[in-house]
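Undergrad: Can you look at this prediction? I've put the sequence above it.
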Amino acid sequence: MKEKIFVLGLLILSLVLRAKLSLEFVSLSVIAEIAIFFFIYLIIRKFNLLLAEISLIFFAVSPWLIVLSPFLFSRGWLKINPVSPIVFVKNYFFLFSGDYLFYKGIWPIKLQSLNYQGMMYWTDIIFIILGLKEIFLKNKRFFEKFLLISLLIFPIPASLTGNLTLYPLLLSFPLIILSAKGALSLIKTPKFLTIILLANLYFLIRFLDLYFLHY
Amino acid sequence: MKTKFFLLIVFILALVLRLWSLNNFPAGLNADEAAIGYNAYSLLKTGKDEFGHPWPINFQSFNDYKPGLYFYLVLPSVAIFGLNEWAVRFPSAILGTLTVVLVYFLAKQLFEKEKNNSLLALITVFLLAISPWHLHFSRGGWETNAATFFLVLGVYLFFLSFKKGIFLSLSAVSFVLSMLTYHSARVVAPLLVLGLVIFFRKNVFSLVNRKSLITAIFIGGIPFVILLLSMRGQAGVSRFAGVGIFADKGPLWRTNELRGQHSNPSSFFVKVIHNQYLEYGIQFLNNYLKHFSGNFLFISGDEIQRNKVPGMGQFLLAEIPFLVLGLFFLIKRKPIGWNVILYWLFVAPVASALTFQAPNAIRSLNMVVPLIIIMGYGLYRGFEWLKIRIPLVLYKSTIIFVILTLAWNFSYYLHQYYVHYPQVYPSAWEDGFRDLGKYLSLNQDKYGKIYITGKYDQPYILLAFFLKYPPNVFQKEAILTPRDQYGFSTVTQFGKYYFGEFDWAKIKVEPNALIVGTPEEIPNSAKIVERIYFKDGKTEAFRIAED
């Protein structure tokens, strides 16, 4: 029962953040994205309930998924420029660079204030490093193996097509699950986790301010 | 015996790659190298630097107060070879080669428990010998290369000190020497020492070692105090004020822009969300992460032409798998020195991230050592892993394949360096001043005044260098201008030479003057007496015109 309320609450929170507090922004795309969250939640739940819950929180507040939520069925997906091998490698590296993930990113909408926001929060660096450590050391199970492989192959479509605004959306899911895994590994040191989560909250407020108030 | 033979081969390879045609490639001589050479020359002749300071620890130079140890290393070289490009670059090339040898012993020490650690160390130093990043900065009078040598020496001696206490003092001295050589080492060396002491606190603070620890603190302390004393006043702050992260006004503007978009910019909430501490912190983190981005390391490298070879990253493209494997095995297997290597890798770019031109291959050069060790480990471990899993024929052909790929990639680099680099970026190393110096020393008596363009960086020092202008005269004549926005100064006049931007229309009426300018400044209609070309033979570096 508790779990159901928790999940429902988070799905509503996701909707509120994506609807920009008014119903006219609720589109099929937003609903589809939230359905994907729920679907992924159900899958991860089979492996680790706590991880599934944390992932769902991270999905709900991720800048990446919030800003890109109206673009799931956008025509932007058709923009494809085949690239040379060296540009492919360049794009691939770019998707994992601090510039893209944390500092500036590339957003599909032209919004001045988004120049100062990456695809993730700065605090996610810590989670990602911890998560990587986890899956490097304990990759015996299918789930961890799949996460590692998806991290390596999911950036390929974006790098191949040269479309660095929408296609990286694929990469966002394993990265966010990875950071959730990193957060989960800290659960034994609650003080440290709280400090990072507070910092995370600060960056969340900063992002919401950048995205909603500076619009 | 076999190992020694192979080490000798790698040593010779490294030496040849670093010394081959050193005075012609890179084409030209940059202002910093010229400053090093001319100050050493000035010290030799008069016992004072170019502005008349006797035996300084930090050289005033362009008011950026260069740390002085490399100048003193160049001193004997200038005494032997005379004042030329070779003399300035030779010590750096030798120190680069010695770094290769040192890394062999360091890697051997770090992976003591590995079955075949001398093979592993050999692979590592082979990769270092052909590493584009290390090669580029060994070829040229770079202080950073010398500083990296002292850092590696310091770390190696630190490990030796577990067996014999006296090495701890030598290690301390070595770290301080690196701080006396280059700015960025002043940040990295203390961090590195801190890490080493924490990781090996049991060895360092053990009772047996107490005597040698006290000696080390005392012996390392003396040069450290000298360093601190030399950094009083302008010498300490000027460099950071010029290129430090706070010289970048971007984060400040960002804060103001964002605050301005709120209806009440001075409210508490806005101040908490948008403030310069946060923005500068973000800037630092971003600068720092840029050094680890694959594009910097493998694809495009540094942005500054002088620091990059066209079409190359800091490492060979073929080395990507080695790095991935190396990191994987390092974390998985945890060999003895794994934490030191990773720690070094993480602190190496800190100094560079504190400046505003990031990523910067010069300031973060010491990253090359941990990265190469990781790559060597990855290559070695990867083959060990394969050995027991695939048939021998396949195993051997994989080795050949890897060697061929590396060889192809490296020859591509050499081709880019020796053939295309001078063509693509002809002006990167301020080429043309040698020929200009030759021309002027033959013809200077005919003219009353000689005007030299200010389009190239710090022309005065290059001319003083190539004219071998008497230092005792120069010390009396040269006056530094006030600092520009980056904190650098220059000299606008010595003897009959005048430097700076000029207006052709005004200057051409000056009687009995020789004017040296770029093709953009001097029109074709002028009475051009000589043209000087870059090494590519096509692009004009200078036009020399009479009135």
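TA: Thanks, I have the structure now. Numbering: from 1, shown residues only, chains lettered A, B, ... in the order given.

Undergrad: For chain A, what's the nearest residue on the stretch 401-547 of chain B?
TA: residue B:412 (12.2 Å; C-beta to the nearest C-beta). In this view, the C-beta of every residue, glycine as well, is placed from N, C-alpha and C.

Undergrad: quick one: that residue is in a helix?
TA: Yes. Counting by DSSP: H, G, I helix; E, B strand; the rest coil, residue B:412 is part of a helix.

Undergrad: Tell me how far residue B:259 lies from chain A.
TA: 11 Å (C-beta to the nearest C-beta, to the nearest Å).

Undergrad: helix, strand or coil for that residue?
TA: The assignment at residue B:259 comes out as helix when based on three-state DSSP.

Undergrad: for residue B:359, same thing?
TA: Residue B:359 ends up coil, using three-state DSSP.

Undergrad: okay, now the closest residue to it other than its chain neighbours: neighbour count?
TA: Nearest residue to residue B:359 in three dimensions, chain neighbours excluded: residue B:290, at 4.2 Å (C-beta to C-beta, 6 or more residues apart in numbering or on different chains). Residues within reach of residue B:290, counting by other C-beta atoms under 10 Å in any protein chain shown, total 21.

Undergrad: Identify the residues contacting residue B:290.
TA: Listed by C-beta atoms under 8 Å, 6 or more residues apart in numbering or on different chains, the contact partners of residue B:290 are A:97-99, B:296, B:353, B:358-359.

Undergrad: Likewise for residue B:169?
TA: Contacts of residue B:169 by C-beta under 8 Å, 6+ apart are B:212, B:215-216, B:218-220.

Undergrad: Only the buried residues of the helix or strand harbouring it, if you could.
TA: Assigned by DSSP states H and E, residue B:169 falls within helix B:166-181. For helix B:166-181, burial by neighbour count (16 or more other C-beta atoms under 10 Å in any protein chain shown) applies to B:167-181.

Undergrad: As CSV, could you dump the C-alpha coordinates of the helix or strand just after that helix?
TA: Per DSSP H and E, the first helix or strand lying C-terminal to helix B:166-181 is helix B:185-199. Presented in CSV, the C-alpha positions along helix B:185-199 are these (Å, rounded to 0.1, in the frame of the first residue of the first chain):
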residue,chain,number,x,y,z
ALA,B,185,53.8,22.3,-9.8
ARG,B,186,53.4,24.7,-6.9
VAL,B,187,49.8,23.4,-6.6
VAL,B,188,50.3,19.8,-7.7
ALA,B,189,53.5,18.9,-5.7
PRO,B,190,52.0,19.7,-2.3
LEU,B,191,48.8,17.9,-3.1
LEU,B,192,50.8,14.9,-4.3
VAL,B,193,53.0,14.9,-1.2
LEU,B,194,49.9,15.1,1.0
GLY,B,195,48.4,12.1,-0.7
LEU,B,196,51.6,10.0,-0.5
VAL,B,197,52.0,10.8,3.2
ILE,B,198,48.3,9.8,3.8
PHE,B,199,48.5,6.6,1.8
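
Undergrad: Longest helix in chain B, please.
TA: Using DSSP state H to define each element, chain B has its longest helix at helix B:85-110.

Undergrad: That helix: how far from the chain's middle?
TA: Helix B:85-110 sits 14 Å away from the centroid of its parent chain (C-alpha atoms, centre = their mean, to the nearest Å).

Undergrad: before we move on, what about stretch B:516-530?
TA: Offset of stretch B:516-530 from its chain centre (C-alpha atoms, centre = their mean): 35 Å.

Undergrad: Name the residues that touch that stretch?
TA: Contact with stretch B:516-530 is made by B:436, B:439-440, B:450-453, B:455, B:502, B:504, B:508, B:514-515, B:540-547, as judged by C-beta under 8 Å, 6+ apart.

Undergrad: Please list only the buried members of those residues.
TA: Buried positions within the contacts of stretch B:516-530, assessed by neighbour count (16+ other C-beta under 10 Å), are B:436, B:439-440, B:450-453, B:502, B:508, B:514-515, B:540-545.

Undergrad: Endpoints of stretch B:62-75, how far apart?
TA: 19 Å (C-alpha to C-alpha, to the nearest Å).

Undergrad: which stretch of helix or strand covers the nearest residue to residue B:107 once chain neighbours are set aside?
TA: Nearest residue to residue B:107, sequence neighbours excluded (C-beta to C-beta, 6+ apart): residue B:121, at 4.0 Å. Assigned by DSSP H and E, residue B:121 belongs to helix B:117-129.

Undergrad: Specify the angle between that helix and helix B:85-110 in degrees.
TA: On the basis of axes from the mean of the first three to the mean of the last three C-alpha atoms, to 10 degrees, helix B:117-129 is oriented at 150 degrees to helix B:85-110.

Undergrad: Which parts of chain A are strands?
TA: Under the criterion DSSP state E, chain A carries no strands.

Undergrad: remind me which residues of it are low pLDDT?
TA: For chain A, residues meeting the criterion pLDDT under 70 lie at A:21-24, A:214-215.

Undergrad: Tell me the spacing between the residue nearest to residue B:359 and residue A:175.
TA: Per C-beta to C-beta, to the nearest Å, residue B:290 is found 19 Å from residue A:175.

Undergrad: before we move on, the earlier item: what about the residue nearest to residue B:359, distance to residue B:367?
TA: From residue B:290 to residue B:367 the distance is 12 Å (C-beta to C-beta).

Undergrad: Residue B:450 is in what secondary structure piece?
TA: strand B:449-452.

Undergrad: cool, and residue B:514?
TA: Using DSSP H and E, residue B:514 falls within strand B:513-517.

Undergrad: Strand partners (parallel or antiparallel) of that strand?
TA: When pairing is defined by DSSP bridges, strand B:513-517 lines up against strand B:449-452 (parallel), strand B:540-546 (antiparallel).

Undergrad: any chance of these in TSV, with distance to residue B:19 and mean pLDDT too?
TA: Listed next are those as TSV, based on distance: least, C-beta to C-beta, whole Å; pLDDT from 0 to 100:
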stretch	distance to residue B:19	mean pLDDT
strand B:449-452	32	90
strand B:540-546	26	88
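
Undergrad: Could you double-check that residue B:285 sits in contact with residue A:122?
TA: Yes. The criterion here is C-beta atoms under 8 Å, and residue B:285 meets it with residue A:122 at 6.4 Å.

Undergrad: Now list whatever residues contact both of the two.
TA: Common contacts of residue B:285 and residue A:122 (C-beta under 8 Å, 6+ apart): residue A:102.

Undergrad: check contacts around residue B:134.
TA: Listed by C-beta under 8 Å, 6+ apart, the contact partners of residue B:134 are B:96, B:99-100, B:128, B:145, B:365, B:368, B:372.

Undergrad: give me the subset of these touching chain A.
TA: Under the cut-off given by C-beta under 8 Å from any C-beta of the partner chain, chain A has nothing from the contacts of residue B:134 close to it.

Undergrad: a markdown table please, covering these and showing distance to residue A:37.
TA: Putting the contacts of residue B:134 into a markdown table (distance: C-beta to C-beta, whole Å) gives the following:
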| residue | distance to residue A:37 |
| --- | --- |
| B:96 | 54 |
| B:99 | 52 |
| B:100 | 53 |
| B:128 | 48 |
| B:145 | 52 |
| B:365 | 45 |
| B:368 | 43 |
| B:372 | 43 |
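
Undergrad: Turn the residues you listed into JSON lines, including pLDDT and neighbour count.
TA: Below are the contacts of residue B:134 laid out as JSON lines (pLDDT from 0 to 100; neighbours: other C-beta atoms under 10 Å in any protein chain shown):
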{"residue": "B:96", "pLDDT": "96", "neighbour count": "28"}
{"residue": "B:99", "pLDDT": "96", "neighbour count": "27"}
{"residue": "B:100", "pLDDT": "96", "neighbour count": "29"}
{"residue": "B:128", "pLDDT": "96", "neighbour count": "28"}
{"residue": "B:145", "pLDDT": "95", "neighbour count": "28"}
{"residue": "B:365", "pLDDT": "95", "neighbour count": "29"}
{"residue": "B:368", "pLDDT": "95", "neighbour count": "25"}
{"residue": "B:372", "pLDDT": "96", "neighbour count": "28"}
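
Undergrad: Lovely, talk soon.
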